[in-house]
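S.K.: next comes the sequence, and after it the predicted model I'd like to discuss.
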Amino acid sequence: MNPFIYQGLASRVVFGAGKLESLAEELDKLGARRALILTTPEQRHLGERVAAILGERAAGVYPQAVMHVPVEVARAARVEASRLDADCCVAIGGGSTIGLGKAIALESGLPILAVPTTYAGSEMTPIYGLTENRLKKTGRDFRVLPKTVVYDPLLTLSLPAAISACSGMNAMAHAVEALYAQDANPIIGLMAEESIRALAGSLPAVVANPADVEAHGRALYGAWLAGICLGSVGMAIHHKLCHTLGGTFNLPHAQAHAVVLPHAAHYNREAAAEPLRRAARALGGQEAEEVGPLLFALNQKLGIPASLAEIGLPEEGPAEAAAIACSSPYYNPRPFERDAIEAMLLRAWKGLPPA
Ligand SMILES: NC(=O)c1ccc[n+]([C@@H]2O[C@H](COP(=O)([O-])OP(=O)(O)OC[C@H]3O[C@@H](n4cnc5c(N)ncnc54)[C@H](O)[C@@H]3O)[C@@H](O)[C@H]2O)c1
Ligand SMILES: O=C(O)CCC(=O)CC(=O)O
């Protein structure tokens, strides 16, 4: 067996339908007194519901989270946390809301109790992102890892099916890339495989019947495992390309992940044959070269847009994104080859299956 390092992530996870109601108890366990409740303007009602559950321990609801955490938004939130004498943040929402909690924690050290309502996985990672002058920078710091995470599948029932589908494939991308990560290890490998199996099995049911609580629970379980993968090992070409497509072309985060993933997995089919065989088995296939086509077919089944053109990438995007990604590549089992990457992005732009 090859040597490896496994760094466990120190967080408490409470999982189950209706567990939102246990928030006050969880605040006690955290030793916190006054919580600033973070959410987006669209999910303000959820922030208010949390305030009602916490009663006088709710310092205030701050529904100002937006995607990619602009530094001005982070600064204003830190001021609000201090003004209200909060000693923790409850972040209820998707990756954007949890990202705002992380921006506060990074400077103040305030602990985060996260209640995710999408499958993005930020709640399980020590990764933060901040955007300044249209440039997004990411970093790792264990201060931003939420101390407690409450996963309540009832909270994902309100996700429109199209967002569930793309957000679920965003989670799938973390699990697939964890299998061939530079610092892959056996524990994360098990979680990645289980995550892929849970997501592939549940997302079609979530999309077909958005009221299916059991399917939502299974998808959230898969997303939890995928979040651990993302937080524990390094990501590769797929995440590099998606960060480029999001950062430079402002493509929607989860949709870009969903469209690119079949192509990125296919790009690595020979260089990461054994890890991708594990992904294939979790998707119901056998061989590494089946992973890209199986993921492409899953996207189709979930009604996800097939092409990068449909989600806003201009015609010159594939060439430009390939050049940017190759100028500062991440580790990847197959070296970054500019022409091959441009050709791959062109197929994704046209909505063609991986080849
Ligand atoms: N740091 C990390 O580890 C990490 C990991 C994954 C994603 N991210 C970041 O998170 C952001 C994307 O997060 P996201 O994809 O979760 O989207 P998001 O948090 O921006 O949410 C998208 C929209 O969906 C709404 N929404 C969320 N949950 C809902 C629900 N259950 N019902 C109805 N509406 C709901 C939100 O209010 C928002 O308007 C990006 O900025 C990405 O870079 C960070
Ligand atoms: O943007 C961030 O905060 C980091 C995002 C990340 O690494 C995961 C992703 O791209 O889904």
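M.R.: Yep, that arrived. Residues are numbered from 1 along each chain as shown. Ligands and ions are numbered 1, 2, ... in the order given.
S.K.: show me which residues of the chain are close to ligand 2?
M.R.: Proximity of the chain to ligand 2 is confined to 99, 127, 129, 138, 170, 230, 239, 242 under the rule C-beta under 6 Å from any ligand atom. C-beta: built from backbone N, CA, C; applies to glycine.
S.K.: let's see it at 5 Å
M.R.: When proximity is defined by C-beta under 5 Å from any ligand atom, the chain lies next to ligand 2 at 127, 129, 138.
S.K.: now render those as JSON lines, adding secondary structure and pLDDT.
M.R.: JSON lines is the format used below for the residues of the chain next to ligand 2 (DSSP: H, G, I helix; E, B strand; the rest coil; pLDDT from 0 to 100):
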{"residue": "127", "secondary structure": "strand", "pLDDT": "97"}
{"residue": "129", "secondary structure": "strand", "pLDDT": "94"}
{"residue": "138", "secondary structure": "strand", "pLDDT": "91"}
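S.K.: alpha carbons of the strand or helix carrying residue 163, in PDB - could you do that?
M.R.: Using DSSP states H and E, residue 163 maps to helix 161-179. Extracted C-alpha coordinates of helix 161-179, given in PDB (Å, rounded to 0.1, in the frame of the first residue of the first chain):
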ATOM      1  CA  ALA A 161     -35.400  20.900  -9.800                       C
ATOM      2  CA  ALA A 162     -33.000  22.600 -12.300                       C
ATOM      3  CA  ILE A 163     -30.900  23.900  -9.400                       C
ATOM      4  CA  SER A 164     -31.000  20.600  -7.500                       C
ATOM      5  CA  ALA A 165     -29.600  18.900 -10.600                       C
ATOM      6  CA  CYS A 166     -26.700  21.300 -11.200                       C
ATOM      7  CA  SER A 167     -25.800  21.600  -7.500                       C
ATOM      8  CA  GLY A 168     -25.800  17.800  -7.200                       C
ATOM      9  CA  MET A 169     -23.400  17.600 -10.100                       C
ATOM     10  CA  ASN A 170     -21.200  20.200  -8.500                       C
ATOM     11  CA  ALA A 171     -21.000  17.800  -5.500                       C
ATOM     12  CA  MET A 172     -20.400  14.900  -7.900                       C
ATOM     13  CA  ALA A 173     -17.400  16.800  -9.300                       C
ATOM     14  CA  HIS A 174     -15.700  17.100  -5.800                       C
ATOM     15  CA  ALA A 175     -16.100  13.300  -5.400                       C
ATOM     16  CA  VAL A 176     -14.800  12.400  -8.900                       C
ATOM     17  CA  GLU A 177     -11.700  14.600  -8.600                       C
ATOM     18  CA  ALA A 178     -11.000  13.300  -5.100                       C
ATOM     19  CA  LEU A 179     -10.500   9.800  -6.500                       C
END
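S.K.: which residues sit against the one helix or strand residue 74 maps to?
M.R.: Assigned by DSSP H and E, residue 74 belongs to helix 71-83. Contact partners of helix 71-83, identified using C-beta atoms under 8 Å, 6 or more residues apart in numbering, comprise 36, 38, 59-60, 62, 64-66, 89, 100, 103-104, 107-108, 110, 130-132.
S.K.: domains of this structure?
M.R.: Domain segmentation of the chain under automatic domain parsing yields 12-156, 161-350.
S.K.: OK, contacts around residue 129?
M.R.: Each residue near residue 129 by C-beta under 8 Å, 6+ apart is listed here: 68-69, 99, 136-138.
S.K.: need these in a markdown table with neighbour count, secondary structure and distance to residue 355, can you?
M.R.: Output for the contacts of residue 129, formatted as a markdown table (neighbours: other C-beta atoms under 10 Å; DSSP: H, G, I helix; E, B strand; the rest coil; distance: C-beta to C-beta, whole Å):
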| residue | neighbour count | secondary structure | distance to residue 355 |
| --- | --- | --- | --- |
| 68 | 17 | coil | 32 |
| 69 | 25 | coil | 37 |
| 99 | 28 | helix | 35 |
| 136 | 16 | strand | 31 |
| 137 | 11 | strand | 35 |
| 138 | 11 | strand | 31 |
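S.K.: biggest separation within those, which pair?
M.R.: 99 and 137 (12.3 Å; C-beta to C-beta).
S.K.: returning to that earlier point: what comes up buried for the helix holding residue 163?
M.R.: Burial within helix 161-179, assessed by neighbour count using 16 or more other C-beta atoms under 10 Å, is assigned to 163-179.
S.K.: what mean pLDDT does it have?
M.R.: Average pLDDT, helix 161-179: 98.
S.K.: just stretch 327-342 next, same as before
M.R.: Stretch 327-342 comes out at a mean pLDDT of 97.
S.K.: likewise for stretch 20-31?
M.R.: On average, stretch 20-31 scores 97.
S.K.: stretch 101-118 too?
M.R.: Mean predicted lDDT for stretch 101-118 stands at 98.
S.K.: tell me the pLDDT of residue 248.
M.R.: For residue 248, the pLDDT comes out at 87.
S.K.: which SSE is the spatially closest residue to it that is not a sequence neighbour in?
M.R.: Of all residues not flanking residue 248 in the chain, residue 324 sits nearest, at 6.1 Å (C-beta to C-beta, 6 or more residues apart in numbering). Element membership for residue 324 (DSSP H and E) is helix 317-327.
S.K.: and the domains of the chain: which comes nearest residue 2?
M.R.: Closest approach to residue 2 among these (C-beta to C-beta): domain 161-350, 9.0 Å.
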